[in-house]
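Undergrad: Below: sequence and its predicted model.
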Amino acid sequence: MHIAVTGNIGAGKTTLTTMLAKHYGWDAQFEDVDHNPYLEDFYADMSKWSFALQIYFLGSRFRQVKEIRESGKNIIQDRTIYEDAHIFAENLNDMKLLSDRDFNNYVSVFGLMKSFVSAPDLLIYLKSDVPNLVKKIYKRGREYEASISIEYLSKLNQKYEKWISDYTEGKLLVIEVDDLDFVEKPEDFGFILEKIEAELNGLF
Ligand SMILES: Nc1ncnc2c1ncn2[C@@H]1O[C@H](COP(=O)(O)OP(=O)(O)O)[C@@H](O)[C@H]1O
Ligand SMILES: Nc1ncnc2c1ncn2[C@H]1C[C@H](O)[C@@H](COP(=O)(O)O)O1
């Protein structure tokens, strides 16, 4: 079984992925953030590094897709390859931080990869508003993310809303996380588990 957790920067994907992997004994796949050779430079100069970062994330995410196909294990994944293309790359192009030439090149490589990608059995979208995302990004305290603007997060949130409303590839669970503290409150984590189990009824 393949479950993926999706959502904007700071929504709580890594935290929930870690908790679910521990709770169910699933393998977890995380984003390549700490050893990412471009991320810090990207936030310092988005226009200069956007293409290199997108290619890096695309390659890293495709490696995960391959592993999921080959492993036969129950895997929970922190963010999907769809988000790189439909949320981040598209938004950078909209904001003129990724040129049309580089974006078209990216889209053509993504198109080739897409035929190898299977949708997760369940996609869990963590929906959060921008002020709450800002609070959580601040709480996490990655220095290079201090430059993330409200405008950037708002545009990403709009892309997420559109993408989720059009998503038909598989089962989808939308969780509004702003009033939940699944880190500190076991009952909030329990509420999420109940929702997941209702969706996966029969697959467990
Ligand atoms: N529902 C929540 N309630 C309280 N704190 C949260 C919640 N979700 C995430 N956090 C905190 O917010 C920060 C960002 O969460 P993280 O899981 O890294 O987000 P993401 O992976 O989506 O970027 C972390 O410090 C985490 O502990
Ligand atoms: N495809 C991407 N383009 C730009 N930035 C990206 C992409 N994928 C992830 N990121 C950034 C956003 C955050 O700063 C880190 C980690 O993501 P998070 O949502 O906090 O787990 O990488």
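TA: Right, received. Where do you want to start? Ligands and ions are numbered 1, 2, ... in the order given.
Undergrad: For the rest of this, base every contact and every neighbour count on C-alpha atoms.
TA: Noted.
Undergrad: Give the residue spans of the chain that score low on pLDDT.
TA: Confidence mapping of the chain against pLDDT under 70 gives the ranges 202-204.
Undergrad: Can you pull up the residues of it that come close to ligand 1?
TA: Residues of the chain found near ligand 1 (Cα under 6 Å from any ligand atom) are 9-15, 136-137, 139-140, 177, 180-183.
Undergrad: Apply the buried test to those and list what passes.
TA: 9-14, 137, 177, 182 (16 or more other Cα atoms under 10 Å).
Undergrad: Just the residues you listed: which are in helices?
TA: 13-14, 137 (DSSP state H).
Undergrad: Out of the residues of the chain next to ligand 1, which is nearest to ligand 2?
TA: Nearest to ligand 2 among the residues of the chain next to ligand 1 is I9, at 3.4 Å by Cα to the nearest ligand atom.
Undergrad: near ligand 2, which of the residues of the chain next to ligand 1 show up?
TA: Among the residues of the chain next to ligand 1, the ones lying near ligand 2 by Cα under 6 Å from any ligand atom are 9-10.
Undergrad: quick one: the strands in the protein?
TA: With strands called from DSSP state E, the chain shows them at 2-6, 27-29, 75-78, 122-127, 171-176.
Undergrad: Run me through the strand neighbours of the third one, direction for each.
TA: Okay, so that is strand 75-78. For strand 75-78, the paired strands and their directions (DSSP bridges) read strand 2-6 (parallel), strand 27-29 (parallel).
Undergrad: quick one, which of the ones you listed is packed in tightest?
TA: strand 2-6 (a mean of 22; mean count of other Cα atoms under 10 Å).
Undergrad: Could you report the distance from L92 to ligand 1?
TA: 18 Å (Cα to the nearest ligand atom, to the nearest Å).
Undergrad: And for S147?
TA: 15 Å.
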